[in-house]
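Engineer: 3D, please:
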Amino acid sequence: MKKVGMKIIFWIRNILLLFFILSLFLVILYKYVPVRYTPSMFVKNMEQLTSGKKMYLNCRWKNLREISPHLIQAVIASEDYLFLIHNGFDSGKTNMNQGARILYVNDVTISQQTAKNVFLFPVKNNFNKLLEAYFTILIEFVWGKARIMEIYLNTVEMRDALFGAEAVAQKNFCISAGELEAPQAALIAACLVNSTELNPEKPTTYLLRRQAKIMGIMEKMREIRWDK
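Structural biologist: Model (predicted):
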C-alpha cells in the first residue's frame, strides 16, 4: 500500500509540474504573440455547428496603440474602474463612487476576464475558478497591464461572433478601432454586459442610459499612460 501511495504522489507531482511548465510557456508565448483563437471562440463555433448555422467568427488583431484611447477608457469605466491599480482580483468596487459601481453586473476584473477568455472554457465550477485565479496571477506578473488590456480588447466577444475592438468597430461604425470617438466607444462598452444580445446599431433605452453613465465616468478619468 505504501508503494501505491508513493506512486500516486509521484504521478500527481509530475502532472502538476507538467501543467505549470505548459501554462507558463503559453503565458510567456502570448506576451509576444497575438492570440488568434481562444476556448471561447471554439465554444461559439460549436454552438453554431450544433444549431445548424454556418461556423463564423470575426476577429481582427490590433496592437494597443492602434486602438482608440476612448475605447480603453470606456471598458475600464464600464468593466473595472480600478484596473490600473489593483492586483488582478480586488478591484475595490465597494470603495468607488456610486456612478461607477452601478455599472457592474459581477465582481470580475478585466484581468480575470482575460485569463478566462484566453485559457479556459466558459464552465462555471470551483475548479475553473481556481484555474482562473492561477492564470490571473500569471498574466498580471508576466504580461503587465498594457498587454492584458491589449489581449482583452482583441479576444472579448463584443457582439455575437464578433471578437475584439476592430471587428465591432468595422461592423457597427465602418471605421477602424483606432478611429472610435468617445460616444461610439462608450456604446460598445455598454454592450459588454450582454454582448450577444445587445446591439450598438440598435441601441435600446437601457443601452443609451449605460452609455451616458460610462461617458460621465470617462470625463472624470485622467489620460491613461502605460509604463514602458
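
Engineer: and the chain, what are its domain boundaries?
Structural biologist: The chain is divided into the following domains under automatic domain parsing: 1-33, 36-220.

Engineer: ranked by average pLDDT, which of those falls at the bottom?
Structural biologist: Ranked by mean pLDDT, the domains of the chain bottom out at domain 1-33, with a mean of 86.

Engineer: can you tell me which of the domains of the chain is most buried?
Structural biologist: Of all the domains of the chain, domain 36-220 carries the top mean neighbour count, a mean of 18, counting by mean count of other CB atoms under 10 Å. Any C-beta I mention is one placed from the backbone N, CA and C, and that applies to glycine too.

Engineer: tell me where this protein has strands.
Structural biologist: 58-59, 157-159, 162-163 (DSSP state E).

Engineer: neighbouring strands - and their directions - for the first one?
Structural biologist: For strand 58-59, the pairing partners within the sheet under DSSP bridges are strand 162-163 (parallel).

Engineer: returning to that earlier point: make JSON lines out of the domains of the chain and add distance to residue 226.
Structural biologist: Shown next, in JSON lines, are these (distance: least, CB to CB, whole Å):
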{"stretch": "domain 1-33", "distance to residue 226": "14"}
{"stretch": "domain 36-220", "distance to residue 226": "4"}
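
Engineer: longest helix of this structure?
Structural biologist: helix 2-32 (DSSP state H).

Engineer: just the helices in this protein please.
Structural biologist: Using DSSP H, helices in the chain cover 2-32, 39-50, 69-79, 98-101, 110-119, 126-142, 145-155, 165-173, 182-190, 205-220.
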